[in-house]
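**Student:** test case, fold it:
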Amino acid sequence: MEQIYLDHAATSPIHEEVIAAMNPIYTDVFGNPSSVHSFGRKARQQLDEARRVLAGSIHANEKELIFTSGGTEADNMALIGTALANQHKGKHIITVSQEHHATLHTAEKLEKMGFEVTYLPIYKDGKIAIEDLRTSLREDTILVSIMFVNNETGIIQPIEEAAKLVSQHQAYFHTDAVQAYGLLDLNVKEMGIDLLTVSSHKINGPKGIAFLYVKEGIAMQALQFGGEQERKRRPGTENVPAIVGFKRAVEIAMEKRQERNKLYQSFKDHFVQILKNNEIDFAINGDPESAIASIVNISFPGTNVEALLTNFDLSGIAASSGSACTAGSVEPSHVLSAMFGEGHPCTTNSIRFSFGLANSKENVEEAAERVSKIVKRLVS
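**Tutor:** From the prediction side, this is the model:
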């Protein structure tokens with residue numbers, strides 16, 4: 001039985017060209033990029049070139065990028081580092097009730113540190129309302145954090161409109177763009193974004209490497225202490241092999257963005273159509289017209305998440321009930337609870353299917369047929 005991976009929003013397989021780019025760095029470029037000798041200079045050259053490519057992918061200056069160990073660390077830096085450095089201007093922060101836990105739990109930590117956090121509501125289409133943001137801004141607001149694309153529903157938020165609204169205020173605007181990067185065109189200058197989080201392993205790059213874009217001039221307090229790497233904001237010897245792999249993954253993603261969007265959308269459309277053809281009772285959570293190509297979140301009435309995921313796994317299908325960070329939890333989805341209300345059936349009967357490099361038309365079709373059979377069995 002073929003194993004079929006439909007959980008690319010959790011993590012993605014490393015592209016073979018990324019592995020090929022990393023291998024010689026492990027064997028031939030082992031110097032510390034902070035060292036002044038030839039071995040160090042060789043590593044520094046690789047680091048600088050990667051930073052240039054990554055910065056260019058979001059239309060930023062390479063001096064505005066901070067390498068981190070992952071999206072979670074980048075989100076922590078964006079919220080805590082910015083809040084601490086700007087608390088003399090106010091202690092009010094705005095975020096959204098359906099953010100990734102890397103942001104939500106960080107916001108909760110800031111509340112314990114004496115900051116006040118407003119959590120914007122999310123509506124049934126999966127989006128925030130700009131008017132809610134407008135009315136929540138206060139004189140003492142110093143930071144607004146809204147994720148670009150939700151990791152469970154795939155819904156794209158009105159980021160450019162939100163960022164432009166915040167630009168008229170003293171507050172800085174941060175977006176977790178982990179699920180958007182590689183599929184959407186991100187121009188931080190045109191969009192008015194002050195801070196932006198990106199992670200490598202979502203775009204077929206290695207795990208353990210990410211970056212935080214911080215617009216030049218923004219005050220940010222370091223959260224770790226040591227050397228002077230990353231412009232004194234994130235100490236520690238840089239992970240050069242992973243950064244080089246990240247660079248190659250970005251180059252491929254930028255080159256194939258239109259092709260991937262078209263392909264992943266065709267996978268999603270085909271998957272949903274087969275469910276319809278099999279007369280499965282289901283509903284798509286959030287506005288399908290506002291979702292990225294690679295993610296669909298589907299509610300199956302009369303079922304529950306545990307039974308669905310167990311049966312999918314036994315039949316060789318990897319999917320998710322939401323964020324991989326809480327994959328072991330049986331609690332209702334906080335994202336869907338924010339959209340539909342606590343106790344709504346879809347919070348415990350919905351599955352996220354996400355498409356990517358590991359898929360083909362054939363295995364997506366096979367997966368849809370297996371899912372249809374399982375759902376029919378569970379509701380019969």
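
**Student:** quick check on L184: phi, psi?
**Tutor:** Dihedral angles phi and psi of L184 (degrees, to the nearest 10) take the values phi -110, psi 150.

**Student:** show the contacting residues for it.
**Tutor:** Counting by Cβ atoms under 8 Å, 6 or more residues apart in numbering, L184 makes contact with 148-149, 156, 177, 292. (Glycine included, C-beta is placed from N, CA and C.)

**Student:** these two touch, right, A60 and N187?
**Tutor:** No - the criterion here is Cβ atoms under 8 Å, and A60 misses it with N187 at 9.0 Å.

**Student:** higher neighbour count, those two?
**Tutor:** A60 (22 against 13; other Cβ atoms under 10 Å).

**Student:** quick check: that one vs H174, distance?
**Tutor:** In this view, A60 and H174 are 14 Å apart by Cβ to Cβ, to the nearest Å.

**Student:** ok, K164 next?
**Tutor:** Going from K164 to H174 by Cβ to Cβ gives 15 Å.

**Student:** so the two - more neighbours on which side?
**Tutor:** Between K164 and H174, counted using other Cβ under 10 Å, H174 has the larger neighbour count: 31 against 14.

**Student:** who's in contact with the more buried one?
**Tutor:** Contacts for H174 (Cβ under 8 Å, 6+ apart) come out as 78-79, 82, 143-146, 193-197.

**Student:** who's in contact with T82?
**Tutor:** Taking Cβ under 8 Å, 6+ apart, we find T82 in contact with 142-143, 172, 174, 195, 218-221.

**Student:** just the element for it, please.
**Tutor:** Applying DSSP states H and E as the criterion places T82 in helix 82-86.

**Student:** residues of that helix that come out buried?
**Tutor:** Of all the residues in helix 82-86, those buried under the rule 16 or more other Cβ atoms under 10 Å are 82-84, 86.

**Student:** now it - C-alpha only, CSV.
**Tutor:** Output of helix 82-86 as CSV, limited to C-alpha atoms (Å, rounded to 0.1, in the frame of the first residue of the first chain):
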residue,chain,number,x,y,z
THR,A,82,10.2,44.5,20.0
ALA,A,83,7.9,44.8,23.0
LEU,A,84,10.8,45.1,25.5
ALA,A,85,12.6,47.6,23.4
ASN,A,86,9.6,49.8,22.8
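
**Student:** report the rounded mean pLDDT for it.
**Tutor:** Mean pLDDT, helix 82-86: 98.

**Student:** dihedrals phi and psi, the residue of the chain most remote from its centre?
**Tutor:** When distances to the mean C-alpha position of the chain are computed (Cα atoms, centre = their mean), the maximum falls on H37, with 37.7 Å. With angles defined as degrees, to the nearest 10, H37 sits at phi -80, psi 180.

**Student:** that one and A43 touch, don't they?
**Tutor:** No - using Cβ under 8 Å, H37 makes no contact with A43, being 10.3 Å away.

**Student:** surely T95 is in a helix?
**Tutor:** No - secondary structure of T95 (DSSP: H, G, I helix; E, B strand; the rest coil): strand, not part of a helix.

**Student:** so who does the residue nearest the centre of the chain touch?
**Tutor:** Geometric centre of the chain, nearest residue: V178, 2.5 Å, by Cα atoms, centre = their mean. By Cβ under 8 Å, 6+ apart, the residues touching V178 are 71, 100, 147, 149, 151, 197-199, 202, 210.

**Student:** any idea how far it lies from F340?
**Tutor:** Plainly put, V178 is 24 Å away from F340 if you go by Cβ to Cβ.

**Student:** so how far is the helix holding T82 from its chain's centroid?
**Tutor:** For helix 82-86, the gap between its own C-alpha mean and the chain's C-alpha mean amounts to 23 Å (Cα atoms, centre = their mean, to the nearest Å).

**Student:** ok, then the element right after the host helix or strand of K247?
**Tutor:** K247 is located in helix 240-255, with elements delineated by DSSP H and E. Next helix or strand after helix 240-255 toward the C-terminus (DSSP H and E): helix 257-277.

**Student:** give the contact list for A222.
**Tutor:** Going by Cβ under 8 Å, 6+ apart, A222 touches 81, 232-235.

**Student:** and those, which are buried?
**Tutor:** Neighbour counting by 16+ other Cβ under 10 Å classes 81, 233-234 among the contacts of A222 as buried.

**Student:** and which of the residues you listed is nearest G227?
**Tutor:** Comparing these against G227 with Cβ to Cβ places R234 closest, at 9.7 Å.
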